[in-house]
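K.L.:
Task: produce atomic coordinates for the following.
(chains A and B)
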Amino acid sequence: MNTLWEFLSMQDANVRFVTIGSVLLAASSAVVGCFTVLRKRALVGDAVAHAVLPGVCLAFILTGEKNPIVLLIGSFLTGWLSLIVIDVITAKSRIKEDTAIGLVLSVFFGIGVLLLTSIQHSGNENQSGLDKFLFGSAAALVGQDLYTFGAVAVLLLLSVVLLYKEFKLISFDIAYARTIGLQVRRLELLLTTLTVLAVVVGIQSVGVVLMSAMLITPAAAARFWTDRLDAMVIIAAVMSAVCGAAGAFVSFTAPAMPTGPWIVMLLSMLAIISFTLAPNKGLLSRYLSQRRVRRQMMRENILKTLFHLGETTGEYQHSYSKKQILERRQLPLLKMQAELQTLSRQGLIVKSKQGWALTEGGKKEAQRVVRLHRLWELYLTQYLQVASDHVHEDAESIEHVLTPELEKRLEELLDYPTTDPHHTKIPQSS
Amino acid sequence: MNLDAFWIILTGSLVAICCSLLGCFLILRRMAMVGDAISHAVLPGIVLAFLFSGSREVWTMLIGAAALGVACTFLIEFLHKKARVQSDASIGVTFTWLFALGIILISVYAGKVDLDQDCVLYGEIAYVPLDIWLTEAGQNLGPRTVWLMGGVLLVIVGFVTVFYRQLYLTSFDPAFAVAIGISTSVWYYLLMGAVSLTTVAAFESVGAILVVAFLVGPPATAYLLTDDLKRMLIISAALGIVASILGFYLAVWLNGSVAGAISVIIGLEFLLAFVLSPSHGLVSRNRKLSKVAGV
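P.N.:
Here you go, the predicted model:
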């Protein structure tokens, strides 16, 4: 508890720099990352992160000193160039985007490594520490870095706030953006520039590989919680900021622990939790809803079978044993038992000594399903010219999902039919 | 050419052939970045293998890393197919996470693990001739890496030639492949297993970045030069060998990293094909376009 308090009070200047720096960096790259991920360009961050190296080396070769501003400008230029090259390759040849990204990434990095090693072997005393650029070290943040971080974070956030509508359009509907006369090219370029800026600034503290996580992971996680862009951006930024602070805390309590990898580790954990547990889109909730649908289908199929059995004799309320139901229709026996119980609880069927029978309500419900099935079969044969002996399978799955509105439209379209393609009567809704 | 140069170029060429053959299938399946992902995700595997075995024996490292490589492809596929994460994002989330795990493991066991990121990411092909395999009798069999990569090359060439049809069909026409009873997911994992094996074996000697360059560069270049998969495989292997040779001499000339120099040559090869390819190059494309416009 004491350590936490010591951390939160931020008495130590070093802790202050690292924490504020990490939070600023994480939150602003998450915001930019949302747009890159939505535009299906999640991995370009990786390419930029690798393409920074030749810029750093060239800047050093040209000026002969390790002035951070000069190095930043150098890395910005080659990072930017790498994205342009990716665009040109995909636009002007049959090479697909992922291949272009992989190629640019490795070639730019190769150039950088060649230059770096060449400088190192040249005996220039001044060069030591250039490679720190590659792997980054958040723990080494100093006050001056904080000003750069702060300035860049403000710039990134401000551009996103000011151009929010435009960025939203080019992320979701580029064709529409073009038709209403937006400067799509220019906006794309601006977004690219912002991405490069985020990467270039972040790379010094978390390193090449982990920088792409700062862009991608929060955005991918936030995507699972919402369909709204504004909510997604805010969720991603908050997640990242929290992980940024937590990462700084981890390396505060255990100084041997690197801040950057811990930020990424925590972010990844949050992302995996989001993928599994998020409502609606999460793995678990989708599994549950699929199971719900399957059970609903099974119940409807049982009702339908009882209805079919009654159809032959005209006595719908007759009881049938489980065996008779199974003869008519193959259902998994174990699961069927549970659904029979549910149906009887819902008052749609009743149990007697001879077996199960439809109630009045059950008959109505069964009629509805059978009706939908036959209407759909008719629709397929009349409008899509499907042969009548091929329509059953399709109707079997669609009958469970047709809504009352669609049912009404089908009826109108088919001019209130009374028989299906197999000349069986279509039960009318009462 | 002295003996050291020969060994270095030979190692480069062996890695080049393995990677370019597999890379052709990767880029046709739009999975070029999976190679990059695997090459980073094996880091925790190497560290864990080292911790469990306590030795830097090549085989334990290979097994640890290959296990993580395959696990990485499983995870990517799981996140994409089951959790429905967008495919590029699922690659990005997976490999950065595993890489972060690797670095954290290294820092936790900093005293016990004699590994650093530099050695894992760079690898130094120039050191290949130093690690000589001596038999008990003291006979010099040449560099260890050459034997290792030679073995991997046999496996990969065998894999690609014997199962050419399956690999071809699952890459180009998955629907048809399924219809005639070839499981796409089995071949996906076999291909990914082969990529992991190659990546891991090549790792120590040439480094992650050159593996990625070989996996993507020569196949992409060959893809601009031919429409026939068999030719594409041969051309990309040849381009990889040429890049190894020229890259070595470029590195000697500039007194820099051999892996970096080879990547530079791979980039140049691509640039040439991109501009000058008779069928798909910039020049011939423009000529065709202006012809169409002229008519």
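K.L.:
Now do the strands in the chain.
P.N.:
Assuming you mean chain A. Listed in chain order, the strands of chain A (DSSP state E) span A:349-351, A:356-358.
K.L.:
that's the other chain; I wanted chain B
P.N.:
Under the criterion DSSP E, chain B carries strands at the ranges B:132-134, B:140-143.
K.L.:
out of the ones you listed, nearest to chain A?
P.N.:
When those are compared by C-beta to the nearest C-beta, strand B:140-143 sits nearest chain A, at 20.9 Å. Just so you know, the C-beta spots here come from the backbone N, C-alpha and C atoms, and that holds for glycine as well.
K.L.:
And for B:Gly64, the neighbour number?
P.N.:
22 (other C-beta atoms under 10 Å in any protein chain shown).
K.L.:
Next: the one 10 residues further on.
P.N.:
For B:Phe74, the tally of surrounding residues (other C-beta under 10 Å) stands at 13.
K.L.:
How confident is the prediction for it, by pLDDT?
P.N.:
The model reports B:Phe74 with a pLDDT of 90.
K.L.:
Same check on B:Ser55?
P.N.:
B:Ser55 is given a pLDDT of 66.
K.L.:
Next up, phi/psi of A:Lys40, please.
P.N.:
Torsion angles at A:Lys40 (phi, psi; degrees, to the nearest 10) stand at phi 60, psi 40.
K.L.:
JSON lines for the strands of chain A, including mean neighbour count?
P.N.:
Output for those, formatted as JSON lines (neighbours: other C-beta atoms under 10 Å in any protein chain shown):
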{"stretch": "strand A:349-351", "mean neighbour count": "18"}
{"stretch": "strand A:356-358", "mean neighbour count": "23"}
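K.L.:
sorry, back to before: which of the strands of chain B sits most buried?
P.N.:
Comparing these by mean neighbour count (mean count of other C-beta atoms under 10 Å in any protein chain shown), strand B:140-143 comes out on top with a mean of 14.
K.L.:
what distance separates that strand from the centre of its chain?
P.N.:
25 Å (C-alpha atoms, centre = their mean, to the nearest Å).
K.L.:
Quick check: the closest residue to A:Leu197 other than its chain neighbours vs chain B, distance?
P.N.:
The spatial neighbour of A:Leu197 that comes closest, neighbours along the chain excluded (C-beta to C-beta, 6 or more residues apart in numbering or on different chains), is A:Val152 at 6.0 Å. Counting by C-beta to the nearest C-beta, to the nearest Å, the separation of A:Val152 from chain B is 21 Å.
K.L.:
Give me the distance between A:Val37 and A:Ile84.
P.N.:
Distance, A:Val37 to A:Ile84, using C-beta to C-beta, to the nearest Å: 20 Å.
K.L.:
Please read the previous query as pertaining to A:Gln346.
P.N.:
A:Gln346 sits at a distance of 63 Å from A:Ile84 (criterion: C-beta to C-beta).
K.L.:
Quick check: the residue in the stretch 301-430 of chain A that chain B sits nearest to vs A:His373, distance?
P.N.:
Using C-beta to the nearest C-beta, the single residue of the stretch 301-430 of chain A nearest to chain B is A:Glu393, 18.2 Å away. Going from A:Glu393 to A:His373 by C-beta to C-beta gives 11 Å.
K.L.:
For burial, what's the neighbour tally of A:Ser122?
P.N.:
Counted with other C-beta under 10 Å, A:Ser122 comes out at 12.
K.L.:
Same question for B:Lys288.
P.N.:
If you count neighbours by other C-beta under 10 Å, B:Lys288 ends up with 11.
K.L.:
In contact with it: list those residues for me.
P.N.:
Going by C-beta atoms under 8 Å, 6 or more residues apart in numbering or on different chains, B:Lys288 touches no other residue.
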